[in-house]
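> task: produce atomic coordinates for the following.
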Amino acid sequence: MKVLVSDKLSDQGVKILKDAGLTVDVNTKLTPEELLKVIPDYEGLVVRSGTKVTREVLAAAAKLKVVGRAGSGLDNVDLEEATRRGVVVMNTPGGNTITTAEHTIALMLSMVRLIPQATASTKAGKWEKNRFTGMELYNKVLGVVGMGQIGGHVAKLAQGLLMRVIAYDPFLAELEMTAVGVEPVTSLMELCQRADFLSMHAPLNAETRHMMGEREFRAMKKSAIFINNGRGPTVNEAALADALRQGWIAGAALDVFEVEPVDPNNALLHMDNVLVSPHIASATARMAPETRRRLGRELATVLQGKWPRSAVNPGVLPKTSLIRWQPYPMGRGPNR
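Below is the predicted model:
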């Protein structure tokens, strides 16, 4: 059986597939048109966020049995079409929980203590002690949108910094939040109005696309900081840019964008009150290779005729499967 790796995978992940007796082709520079031409030859496809597994790709992939996503987000895979065609889709859930949560806190601290600006100034030979007066996180209100695995860990880390945490997640019981010291709020607007920092951790779907727009940013405190380490399209970037220009909010820190790689002309890249990174929240020396090793093992499992633990479209699984599935559109499901 043949597997195409169209986005970067660790050497160990590729080796696991080959050791399972699979023929593996690695081509990380395919254009969408080239992918359509070659995909009919493959039973397996390994992607990250770069390859778009569209309806057209799935229609062309006559032999395809499984799509493996190295990571958790699946907005680049047409799940409905894959399920209709009997293609198993799986990811590596939970693997990036700690890394992404820590990156969120790192962005918050960098914003409030002006670390990037102070670094640039000091390296330029200046000593501007009076210019970089920051602010503390102590006793500030962190608003978390989406209390999945990552959002939940962000809340835990923030509590360790003695922040007060509130959260909006309509698919998670209030009791589950209060049990870990998080105050649930009943609407996104309430969270926007109360938060000193607002951190996005919602998955991308029809309901969450552009859930943060002009109305929500206008409702936030003028001193508030907005952070997005989740999914870029959950935020209307034009509205965010307006919010920063007009002073509706004080600043933003972003690891994800609506379109990636981000356009160098994107207005957000040229604002002094915006801190950015190139979608690296889950990229650590330990986590990236481990995620890809896990994916290699799971993909080999499917192509050997067994069912993986991390399948996300249960409609293709047999009724006798031992896999337990429960969808969480905005809660703690495997897509988080």
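
> can you pull the pLDDT of K15?
Confidence at K15, expressed as pLDDT, is 82.

> name the surrounding residues that touch the helix or strand hosting it.
Per DSSP states H and E: K15 is located in helix 11-19. With contact meaning Cβ atoms under 8 Å, 6 or more residues apart in numbering, helix 11-19 is reached by 3, 5, 24, 26, 44, 46, 70, 289, 292-293, 295-297, 299-300. Placement of C-beta: from N, CA and C, glycine included.

> redo that, cut-off 7 Å
Residues from elsewhere that reach helix 11-19 (Cβ atoms under 7 Å, 6 or more residues apart in numbering): V3, V5, V24, V26, P289, R292, R293, L295, G296, R297, L299, A300.

> pLDDT for the residues you listed - can I get that in JSON lines?
Shown next, in JSON lines, are those (pLDDT from 0 to 100):
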{"residue": "V3", "pLDDT": "93"}
{"residue": "V5", "pLDDT": "93"}
{"residue": "V24", "pLDDT": "92"}
{"residue": "V26", "pLDDT": "94"}
{"residue": "P289", "pLDDT": "65"}
{"residue": "R292", "pLDDT": "66"}
{"residue": "R293", "pLDDT": "71"}
{"residue": "L295", "pLDDT": "74"}
{"residue": "G296", "pLDDT": "74"}
{"residue": "R297", "pLDDT": "76"}
{"residue": "L299", "pLDDT": "78"}
{"residue": "A300", "pLDDT": "77"}
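
> what's the closest of these to L172?
The closest of the contacts of helix 11-19 to L172 turns out to be L295 (Cβ to Cβ; 27.1 Å).

> one step back: buried ones among the contacts of helix 11-19?
Buried by 16 or more other Cβ atoms under 10 Å: V3, V5, V24, R292, R293, L295, G296, R297, L299, A300, out of the contacts of helix 11-19.

> let's have those residues in CSV, adding distance to V57 and secondary structure.
Listed next are the buried ones among the contacts of helix 11-19 as CSV, based on distance: Cβ to Cβ, whole Å; DSSP: H, G, I helix; E, B strand; the rest coil:
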residue, distance to V57, secondary structure
V3, 15, strand
V5, 15, strand
V24, 19, strand
R292, 21, helix
R293, 25, helix
L295, 19, helix
G296, 21, helix
R297, 24, helix
L299, 17, helix
A300, 22, helix
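
> from those residues, which is closest to L175?
L295 (34.4 Å).

> list the contacts of that closest one.
G13, V46, G68, A70, T92.

> switch the cut-off to 10 Å
5, 9-10, 13, 16-17, 46-48, 68-71, 90-92, 95, 308, 310 (Cβ atoms under 10 Å, 6 or more residues apart in numbering).

> so which of these sit within helices?
Mapping the contacts of L295 onto helices (DSSP state H) picks out G13, I16, L17.

> can you lay out these as TSV showing neighbour count and distance to W248?
TSV is the format used below for those (neighbours: other Cβ atoms under 10 Å; distance: Cβ to Cβ, whole Å):
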residue	neighbour count	distance to W248
G13	26	44
I16	22	49
L17	25	49
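
> which of the buried ones among the contacts of helix 11-19 lies closest to K123?
R292 (34.9 Å).

> give me the phi and psi angles of P32.
With angles defined as degrees, to the nearest 10, P32 sits at phi -50, psi -40.

> what about stretch 17-37, start to end distance?
With Cα to Cα, to the nearest Å applied, stretch 17-37 spans 23 Å between its terminal residues.

> and that stretch, which residues are buried?
Neighbour-count burial for stretch 17-37 [16+ other Cβ under 10 Å]: L17, A20, L22, V24, L30, L35, L36.

> residue ranges for the strands of this protein, please.
Per DSSP state E, the chain carries strands over the ranges 2-5, 23-26, 44-47, 66-69, 88-90, 141-145, 164-168, 183-184, 197-200, 225-228, 251-254, 274-276.

> mind checking which of these is nearest K123?
strand 274-276 (17.0 Å).

> possible to save the ones in helices among the contacts of L295 as a markdown table with distance to S282?
Compiled in a markdown table, the ones in helices among the contacts of L295 are given as follows (distance: Cβ to Cβ, whole Å):
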| residue | distance to S282 |
| --- | --- |
| G13 | 15 |
| I16 | 20 |
| L17 | 21 |
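
> out of those, which one sits closest to Q193?
Nearest to Q193 among those, counting by Cβ to Cβ, is G13 at 44.9 Å.

> ok, now which ones touch the residue nearest to G143 when sequence neighbours are not counted?
Leaving aside its chain neighbours, G143 sits nearest to A195 (3.0 Å; criterion: Cβ to Cβ, 6 or more residues apart in numbering). A195 is in contact with 140-145, 164-168, 185, 219-221, 224-226, counting by Cβ under 10 Å, 6+ apart.

> identify the farthest-apart pair in the contacts of helix 11-19.
Once Cβ to Cβ is applied, the contacts of helix 11-19 give V3 and P289 as the farthest pair, at 18.3 Å.

> right, I'll call it a day here.
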